[in-house]
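[1] quick one, fold the following:
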Amino acid sequence: MPKPKRTKKAVAADAAPARTYAPLDDDAIARIEGEAEDVGVGERRDRAGLKAAPTTTAAGRAPQGGAAPTEAAQPSMAEIFGPGGLLEKCHGGYEFRRSQQEMAEIVEAALLEKKHALVEAGTGTGKTLGYLIPAIRSGRRIVISTATKSLQEQLYTKDVPFLQRHFAPNIKVAVMKGRNNFVCRAKVHHLAEESHAFLRGMDELDWFTQIRDWEKLTETGDRAELNFLPDDNELWPRLDARRETCTGSKCPEFNQCFLTKMHQRAREADIIIVNHHLFFADLALKQDDFGSILPECGAVVFDEAHEIEDVASDYFGRRVSNYRFEELARDTENVLRIAHLSSPPLLKRCAQLKERSRSFFDAFPAKDGRFAFDANERASFLERNREAYDDLVQAAKRLETELSALPGKPDEVINLARRAFELRGELVFLLEQTEKNNVYWYERRNKGVFITATPIDVSAILREQLFAQFDTAVLTSATLAVGGRFDYVKQRLGIDAARERVLAHEFDFGTQAMLYIPKELPDVRDPGFVAAAAEEIARLLEITRGRAFCLFTSYNQMKEIHERVKKMVRFPIYLQGTAPRSALLDRFKNTPGSVLFATASFWQGVDVPGEQLSCVIIDRLPFAVPSDPIVAARVKALTDDGHNAFAEYQVPEAVLALKQGFGRLIRSRTDRGVLSILDNRIQRKQYGRIFVESLPEYKITQDISEVKRFMQHL
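    Residues are numbered from 1 along each chain as shown. As a prediction, this is how the structure comes out:
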């Protein structure tokens, strides 16, 4: 069942010669479906008469009733960002950064000329203002996409209010998040009416009481406001606004729904802040002609753009799991009970679905990890487990048929029948299809089994669905270039032409950081490496007085070296996996001299400024595990095409990962510390030169006594 191609639609986001702005009043906005018809993307209603053309405000916005000025009336980016410029005048702590001004000029030119741009901007550049101010001045509706919700919050609660105070008081900005971030009012009301019958234990009773009171007062319905609710609770998934249980405009709560209000704000916004997951979920829906989540626009800025390929691969792929079948059965039982449609035959169908799902997914090997599941392996699996597979397919089909046959059924039941149909189709696709551009694999993680088809190459999809649909896409990150060039990221993402710039670093890495590469350690593949690495780490920790991240490419090697090191040093040592990620970071930040042993998830998005983090040690060059199904499939595809997969894929990926890992250390002009890579291939092998050339100009040494002298001056 190949996915249908999206019908091309013209993007008319920038047709209007003048933009208008007005404070958002939810009560005065018509219902979302009416807005879609009344307000075109390129034809915005003038509610307040404030034109986008700049004249008197710092960013160049016109006052009410002002006429469009000439180009000369607009301050240049140098007059905004430069010494003595507008930013310095309205921000007491502002420091001029040449790279920030240069970035703003690149973004402004890309938006004006309707071209794409690639900008590598290191920590300390001030990227957010570097793209927000040109975005606001452009007068265009623009999507800002970030890798994390925390950066979304920073933009919305810190950067945007600053710009509204000093540059663009009438700019309208909306934050959009995925559906499961919002509470469903209908579900809260249903559960309250059921007298809490479905709550499990006193904790859930207490949480629900607080959520019920909060739902009456909150303006956003965003789960982020609930600081009392644990991340791993089982109550929120039964109350959130996920698509599978939503009846849309037919819901009695539709007009007051938090999602409706979010979409209304987005339709009226000039800047829409999303994360990469929501952006690519929207792009995948558009590819299938299943509608859209985001309003149409012609320009997008990707911050932390190095994550685009992985996120896009997830959303243009397919996945089923035992959890999805269990959730379908559970949701069906709950909806039938609330709608007073429960019957022994239907409840039996739900029980059968759960039982058949358990039998099928239990047939997968018990070992945790990601494993290839190619056509031959799937055929062999089906040969051994044909009965369990057929039973599960039939159980989903019987549930779908009997739900569809219910007379006078509400929309919630229609939704359940649709889910059963879609889930059955996804399972059949994943077990029986052989699309050449997909790699098929499965993962067992704790109690979950996930069967997945991932595109081997997303470049063609992104070329057509993203870079051909948006006339301007700006990609920025601290880690985009390899050896000072963007060839790798352009090839992986399908970018044919773009403005390109690697901005100069704002930090003096030559004096702030030292890179230590031990020369006496054995090769990382040598059996004696673990013991020698543990001793080297212990020596470094004594010199740096703890205060270190020890980052590993292998979970098993991390645990083995941790066991050795903890017997050699007196510092508090925290180990990934012994507590939630956020808790470990808090303990590290608040415990003097502490050390954190961690793997890939701590290589990026972690910010520990100041002396508390004075050393980052990486065990080996971070090449992706060659046996990983996606990596293996991409290597094979490149090799079959006559390419050198090691040089063109594996080395560049590892270079970008190393830049991310080392980027944890120097986060401000006052930070100083030691970086160490225990893998001497970076100096012995020819490809090691590419790693060194891609890093900032650290002072490099192989002499541990130099490390000691460097640290004595901190």
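[2] from now on I want contacts and neighbour counts done on CA atoms only, so please keep to that.
    OK.
[3] dump the residue contacts of the nearest residue to residue 417 once chain neighbours are set aside.
    Closest residue to residue 417 apart from its sequence neighbours, by C-alpha to C-alpha, 6 or more residues apart in numbering: residue 400 at 4.5 Å. For residue 400, the contacting residues are 416, 417, 418, 420, 421, by C-alpha atoms under 8 Å, 6 or more residues apart in numbering.
[4] go on, residue 440?
    Residue 440 neighbours (C-alpha under 8 Å, 6+ apart): 372, 373, 374, 375, 430, 451, 452, 453, 454, 629.
[5] tell me the secondary structure of the closest residue to it other than its chain neighbours, please.
    Spatial nearest neighbour of residue 440, chain neighbours left out: residue 453 (4.5 Å); criterion: C-alpha to C-alpha, 6+ apart. At residue 453, secondary structure determined by DSSP: H, G, I helix; E, B strand; the rest coil is strand.
[6] tell me the bridge partners for residue 453.
    residue 318, residue 440 (DSSP bridges).
[7] quick one, strands of the stretch 551-700 of the chain?
    Along the stretch 551-700 of the chain, the stretches classed as strands by DSSP state E, counting those that start in this stretch are 573-575, 595-598, 615-618, 673-677, 699-701.
[8] in a markdown table: these, plus distance to residue 156 and mean pLDDT.
    Below are these laid out as a markdown table (distance: least, C-alpha to C-alpha, whole Å; pLDDT from 0 to 100):
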| stretch | distance to residue 156 | mean pLDDT |
| --- | --- | --- |
| strand 573-575 | 33 | 95 |
| strand 595-598 | 30 | 95 |
| strand 615-618 | 31 | 94 |
| strand 673-677 | 32 | 95 |
| strand 699-701 | 38 | 94 |
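[9] those strands into CSV, with extra columns for mean neighbour count?
    Converted to CSV, the strands of the stretch 551-700 of the chain look like this (neighbours: other C-alpha atoms under 10 Å):
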stretch, mean neighbour count
strand 573-575, 19
strand 595-598, 24
strand 615-618, 25
strand 673-677, 25
strand 699-701, 16
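[10] mind putting those strands in a markdown table, distance to residue 666 included?
    A markdown table is the format used below for these (distance: least, C-alpha to C-alpha, whole Å):
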| stretch | distance to residue 666 |
| --- | --- |
| strand 573-575 | 21 |
| strand 595-598 | 17 |
| strand 615-618 | 10 |
| strand 673-677 | 8 |
| strand 699-701 | 14 |
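[11] minimum distance to residue 173: which of these has it?
    strand 595-598 (36.9 Å; C-alpha to C-alpha).
[12] surely residue 119 forms part of a strand?
    Yes. Judged by three-state DSSP, residue 119 forms part of a strand.
[13] and residue 483, how far is that from residue 634?
    22 Å (C-alpha to C-alpha, to the nearest Å).
[14] the residue nearest the centre of the chain and residue 102: what is the separation?
    The centroid of the chain falls nearest to residue 147 when counting by C-alpha atoms, centre = their mean (3.6 Å). From residue 147 over to residue 102 the distance is 23 Å, taken as C-alpha to C-alpha.
[15] pLDDT (mean, whole number) over stretch 325-336?
    For stretch 325-336, mean pLDDT rounds to 93.
[16] may I see the buried residues of it?
    Of all the residues in stretch 325-336, those buried under the rule 16 or more other C-alpha atoms under 10 Å are 325, 326, 328, 329, 330, 331, 332, 333, 335, 336.
[17] right, and the fourth one touches residue 354 too?
    Right, residue 329. Yes. Counting by C-alpha atoms under 8 Å, residue 329 touches residue 354, with 6.5 Å between them.
[18] on that earlier part again, which ones among the contacts of residue 400 lie within helices?
    Taking DSSP state H, the ones among those that sit in helices are 416, 417, 418, 420, 421.
[19] local confidence estimate at the fourth one?
    Think residue 420. Value for residue 420, per-residue pLDDT: 96.
[20] picking up where we left off before, of the strands of the stretch 551-700 of the chain, which is nearest residue 380?
    Nearest to residue 380, of the strands of the stretch 551-700 of the chain and by C-alpha to C-alpha, is strand 595-598 at 37.3 Å.
[21] gap between the closest one and the chain center?
    Strand 595-598 sits 23 Å away from the centroid of its parent chain (C-alpha atoms, centre = their mean, to the nearest Å).
[22] from here on, count from 675
    OK, 675 is where the count begins now, so the last one is strand 1269-1272.
[23] listing partners with orientation, what would you give for that strand?
    strand 1222-1225 (parallel), strand 1247-1249 (parallel).
[24] which regions of this protein sit below the pLDDT cut-off?
    675-747, 869-871, 962-965, 1279, 1388 (pLDDT under 70).
[25] for the lengthiest helix in it, list every residue counted as buried.
    When the chain is scanned for its longest helix (criterion: DSSP H), the result is helix 1049-1078. Using 16+ other C-alpha under 10 Å as the test for burial, helix 1049-1078 gives 1049, 1052, 1055-1056, 1062-1063, 1065-1074, 1077-1078.
[26] C-alpha coordinates for the strand or helix carrying residue 951, PDB please?
    For residue 951, the element it lies in under DSSP states H and E is helix 950-961. Extracted in PDB, the C-alpha atoms of helix 950-961 (Å, rounded to 0.1, in the frame of the first residue of the first chain):
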ATOM      1  CA  HIS A 950      10.300  19.500  14.500                       C
ATOM      2  CA  HIS A 951       8.000  16.700  15.400                       C
ATOM      3  CA  LEU A 952       4.900  18.700  14.800                       C
ATOM      4  CA  PHE A 953       6.300  20.300  11.600                       C
ATOM      5  CA  PHE A 954       7.100  16.900  10.000                       C
ATOM      6  CA  ALA A 955       3.800  15.400  11.300                       C
ATOM      7  CA  ASP A 956       2.100  18.200   9.300                       C
ATOM      8  CA  LEU A 957       4.300  17.600   6.300                       C
ATOM      9  CA  ALA A 958       3.500  13.900   6.300                       C
ATOM     10  CA  LEU A 959      -0.300  14.600   6.500                       C
ATOM     11  CA  LYS A 960       0.000  16.900   3.500                       C
ATOM     12  CA  GLN A 961       1.900  14.300   1.600                       C
END
